[in-house]
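Undergrad: no FASTA, just this:
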């Protein structure tokens, strides 16, 4: 067997020993408090970023570009992965988590500016991001370098995903929608791995957000108010 698989199973044995009793209350049902939509990037640790080690607390979805939309025969809709807990488990919070240096946003930016060629599966995913980021690329200041452009577009992408959730008739009106960025590249300051809230229910103005949510004011930040 490949040594990576052996290492994974060794790690799982330690996990199973530590978590054995933690499944007692969730073996037959789940009522997660939040659904999180994160990028599938290997550096984005969905549960660990919230210091969560309890089964049943978070319903976690991941894909490249932290997308909330999917293509169906009837058009583009909010992904069933995201809707499932909102519709079935009384989950009241949806959190979209972008991250600094996002590869999917980078690839989409490159495609919109210089053109790139990707395999069909990746192209499909980028195609779901491209319509959201086109206007963002147009709004970028002319003096930003590629790294700065990508990190601004990470925020812009999070905003557009929140917009999709907010506009969907399938997302319950009472759902709290939060957009944020996970930073491990020293872009926002603070510790690596901190989550910076940049959008709540579609509101992106920093002054308004900090006034409306004083209990998390120190965690509210944006690189770009376009």
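TA: Yes, it's here. All values reported here derive from a predicted model rather than from experimental measurement.

Undergrad: roughly how far apart are the nearest residue to residue 89 once chain neighbours are set aside and residue 55?
TA: Excluding its sequence neighbours, the residue lying closest to residue 89 (CB to CB, 6 or more residues apart in numbering) is residue 31, at 5.3 Å. Yep, even glycine has a C-beta here, placed from its N, CA and C like the rest. Here residue 31 is placed at a distance of 12 Å from residue 55 (CB to CB, to the nearest Å).

Undergrad: again with residue 110
TA: For residue 110, the distance to residue 55 - CB to CB - is 39 Å.

Undergrad: wait, the residue nearest to residue 89 sits on residue 88?
TA: No. When contacts are counted by CB atoms under 8 Å, residue 31 is not listed as touching residue 88 (9.8 Å).

Undergrad: those two: which is more packed in?
TA: residue 31 (14 against 11; other CB atoms under 10 Å).

Undergrad: now the most centrally placed residue in the chain, which residues is it bridged with?
TA: Centrality entry for the chain: nearest residue to the mean C-alpha point is residue 97, 2.6 Å, by CA atoms, centre = their mean. Beta-bridge pairing of residue 97 under DSSP bridges involves residue 38, residue 180.

Undergrad: list the contacts of it.
TA: 36-39, 44, 46, 49, 66, 158, 180-182, 195 (CB atoms under 8 Å, 6 or more residues apart in numbering).

Undergrad: tell me the one of those residues nearest residue 11?
TA: Closest approach to residue 11 among the contacts of residue 97 (CB to CB): residue 46, at 16.4 Å.

Undergrad: which strands or helices does whatever helix or strand residue 131 lives in pack on?
TA: According to DSSP states H and E, residue 131 maps onto helix 120-139. Using 3 or more CB pairs under 8 Å, 6 or more residues apart in numbering; DSSP states H and E, the elements in contact with helix 120-139 are strand 69-72, helix 103-113, helix 146-167.

Undergrad: in its sheet, what does the first one sit against?
TA: What that stands for is strand 69-72. strand 75-78 (antiparallel).

Undergrad: quick check: mean pLDDT across the strand it pairs with?
TA: Taken as a whole, strand 75-78 has an average pLDDT of 90.

Undergrad: what residues of it count as buried?
TA: 77-78 (16 or more other CB atoms under 10 Å).

Undergrad: can you name the next helix or strand after it?
TA: helix 80-88.

Undergrad: in that next one, what counts as buried?
TA: 81-83, 85-86.

Undergrad: ditto for stretch 128-142
TA: For stretch 128-142, using 16+ other CB under 10 Å, the buried residues are 128-130, 132-133, 136-137, 140.

Undergrad: and the contacts of it?
TA: 65, 67, 69-71, 76, 104-105, 108-109, 111-113, 149, 152-153, 156-157, 160-161, 226.

Undergrad: restricted to buried residues, select these in PyMOL.
TA: Buried members of the contacts of stretch 128-142, defined by 16+ other CB under 10 Å, are picked up in PyMOL with:
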select buried, resi 65+67+69+70+104+105+108+109+111+112+149+152+153+156+157+160+161
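
Undergrad: output the below-cut-off pLDDT ranges for the protein.
TA: Counting by pLDDT under 70, the chain shows no low-confidence range.

Undergrad: kindly recompute the last result at 90.
TA: Filtered on pLDDT under 90, the chain yields the residue ranges 71-76, 115-118, 132, 190.
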